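> What follows is a predicted protein model with its sequence.
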Amino acid sequence: MKVLVTGGAGYIGSHACLELLRAGHEVVGFDNLSNSSEKAISRVRELSGKPLRFERLDLLDKQGLGRLMKEGFDAVMHFAGLKAVGESVEKPDLYRRNNVEGSANLLAAMKAADCRNLVFSSSCTVYGAVQKNPVTESHPRAAVNPYGETKLAVEDMCFELARVEKGWRIALLRYFNPVGADASGCIGEDPKGMPNNLMPFVMQTAVGRRDKVRVWGNDYPTPDGTGVRDYIHVTDLALGHLAALGRLDRFDGALAVNLGAGRGYSVLEVIRAASKAAGKDIPYEIRPRRPGDAAAIWADPSFAKKSIGWGATRGLDEMCADHCRWQTQNPEGFAS
Ligand code: UD1
């Protein structure tokens, strides 16, 4: 297939480009490079040994988007978007414009070019305050911050579009906590500034960029008191997108699918596994809870198996080993 990848230089987008190329698809990627590096694209070219066309383009550039879509694509994978929860609280309009308006522009350009196959990066954040684990796709949805609101809004836009117009086939993939890196260690997550997420913080501590990990709370009702999440290897996640792409022809409208491993690990379990991967103890200290955090959330991944024939195969040790390889080979990320 000929696939257009939005946000192709980002963490998950670059891994998806790589797996698409490895599987023999033709890929065109674009990104506005606001939170990513074009180096990721050159590394994907080197790793795959295949051509990968890349353009610097913003989803808010309707003309540019229209021109590109008109080239003709079989499907679009849509990763481009802002994803920092804290920043979304400070700048909700920026998030609405980029994530919601940007996605609306993309859907309009797809329609104009008569391409109606879409795989969209949604998030388990759409489940809001989780009532029951494991979380199934029928769990009620709620937004607990502006970032979550944008994911809900794009999901709703897709559901509505598919309801009123025939021919759309849309997979709304709800990611749990993506971590890890391609096994080569050549591409990976490269957050700008201080990482908000656990694994990048842990690995930056392992390579000496940070003093110690701050564990946000050890008084949760979980086995060791620290927060429990469903971590998923980014390569498994990328392969989940390929699985969805391969099954889109069986879709009738828009369908939401959880992409999680289906089991939870605590913050302390992650730090222990990361220490093993790094071959040294990673220092940490217990701090008060982070406002807005849930105690535990993990996915019921059974619908993914049924609907797109996909399941995660890489465990926590592999996630940590691969993430550690990336961080060690590229201590300063793509600026190394
Ligand atoms: C966060 C976002 C979520 C977003 C996801 C993807 C919040 C509240 N949630 O999920 O909406 O979709 O990232 O980017 O921001 N932790 C520490 N120390 C740290 C960092 C994290 O102890 O320095 C703990 C957290 O309390 C949590 C776990 O590690 O228990 C995972 O945190 P994180 O990686 O930030 O992911 P989420 O909070 O699950």
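Noted; the coordinates are in hand.

> all contacts plus neighbour counts: C-alpha atoms, from now on.
Noted.

> lowest confidence element among the helices and strands of the chain?
When the helices and strands of the chain are compared on mean pLDDT, DSSP states H and E, helix 85-90 comes out lowest with a mean of 92.

> Send me it as PDB with only the CA atoms.
The C-alpha trace of helix 85-90 is given here as PDB (Å, rounded to 0.1, in the frame of the first residue of the first chain):
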ATOM      1  CA  VAL A  85      -0.900  17.000  29.600                       C
ATOM      2  CA  GLY A  86       0.500  19.800  31.700                       C
ATOM      3  CA  GLU A  87       1.100  22.100  28.700                       C
ATOM      4  CA  SER A  88      -2.400  21.400  27.500                       C
ATOM      5  CA  VAL A  89      -3.800  22.800  30.800                       C
ATOM      6  CA  GLU A  90      -1.700  26.000  30.200                       C
END
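
> Restricting to C-alpha, output the longest helix that the chain contains in CSV.
Ranked by residue count and defined by DSSP state H, the top helix of the chain is helix 146-164. As requested, the backbone C-alpha atoms of helix 146-164 are provided in CSV (Å, rounded to 0.1, in the frame of the first residue of the first chain):
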residue,chain,number,x,y,z
PRO,A,146,-7.6,19.6,27.6
TYR,A,147,-5.3,17.0,26.0
GLY,A,148,-7.8,14.3,26.7
GLU,A,149,-10.6,16.6,25.3
THR,A,150,-8.7,16.8,22.0
LYS,A,151,-8.5,13.0,21.7
LEU,A,152,-12.2,12.6,22.5
ALA,A,153,-13.1,15.3,20.0
VAL,A,154,-11.1,13.7,17.2
GLU,A,155,-12.6,10.3,18.0
ASP,A,156,-16.1,11.8,17.9
MET,A,157,-15.4,13.5,14.6
CYS,A,158,-14.4,10.2,13.2
PHE,A,159,-17.4,8.3,14.6
GLU,A,160,-19.7,11.0,13.2
LEU,A,161,-18.1,11.2,9.8
ALA,A,162,-18.2,7.4,9.4
ARG,A,163,-21.9,7.4,10.5
VAL,A,164,-23.0,10.0,8.0
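
> before we move on, the earlier item: just checking, what packs against the least confident helix or strand of the chain?
helix 146-164 (3 or more C-alpha pairs under 8 Å, 6 or more residues apart in numbering; DSSP states H and E).

> Please see if the helix it packs on touches the ligand.
No - residues of helix 146-164 are not located near the ligand by C-alpha under 6 Å from any ligand atom, the shortest gap being 6.6 Å.

> same check, this time on stretch 32-45
No - applying C-alpha under 6 Å from any ligand atom, one finds stretch 32-45 out of contact with the ligand, separated by at least 13.1 Å.

> since we're on Lys280, how many residues are nearby?
For Lys280, the neighbour count with other C-alpha atoms under 10 Å is 11.

> Pull the distance from the helix or strand containing Pro178 to the chain's centre.
Per DSSP states H and E: Pro178 is located in strand 177-179. Mean C-alpha position of strand 177-179 versus that of the full chain (C-alpha atoms, centre = their mean, to the nearest Å) differs by 7 Å.

> and after that strand, which helix or strand comes next?
Following strand 177-179 in sequence order, the next helix or strand is helix 198-206 (DSSP H and E).

> Please confirm that Gly225 is located within a helix.
No - counting by DSSP: H, G, I helix; E, B strand; the rest coil, Gly225 is not found in a helix; it is coil.

> wouldn't it be in contact with Asp219 here?
Yes - in this structure, Gly225 is within contact of Asp219 by C-alpha atoms under 8 Å, at 4.6 Å.

> returning to what we had before: same for the longest helix of the chain, what does it pack against?
Short answer (3+ C-alpha pairs under 8 Å, 6+ apart): helix 146-164 packs on helix 85-90, helix 92-95, helix 102-112, strand 117-123, strand 169-175, strand 253-259.

> Tell me the residues of the protein that contact the ligand?
85, 123, 125, 196-198, 201, 213-216, 227-229, 267, 290, 292-293.

> one more time with 5 Å
Thr125, Asn197, Leu198, Arg214, Val215, Trp216, Gly227, Asp293 (C-alpha under 5 Å from any ligand atom).

> can you put those residues in TSV and add pLDDT and neighbour count?
Listed next are these as TSV, based on pLDDT from 0 to 100; neighbours: other C-alpha atoms under 10 Å:
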residue	pLDDT	neighbour count
Thr125	95	22
Asn197	96	13
Leu198	97	17
Arg214	98	15
Val215	98	19
Trp216	97	19
Gly227	97	25
Asp293	90	11
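
> Identify the farthest-apart pair in those residues.
The span of the residues of the chain next to the ligand, defined through C-alpha to C-alpha, is set by Thr125 and Arg214 at 22.2 Å.
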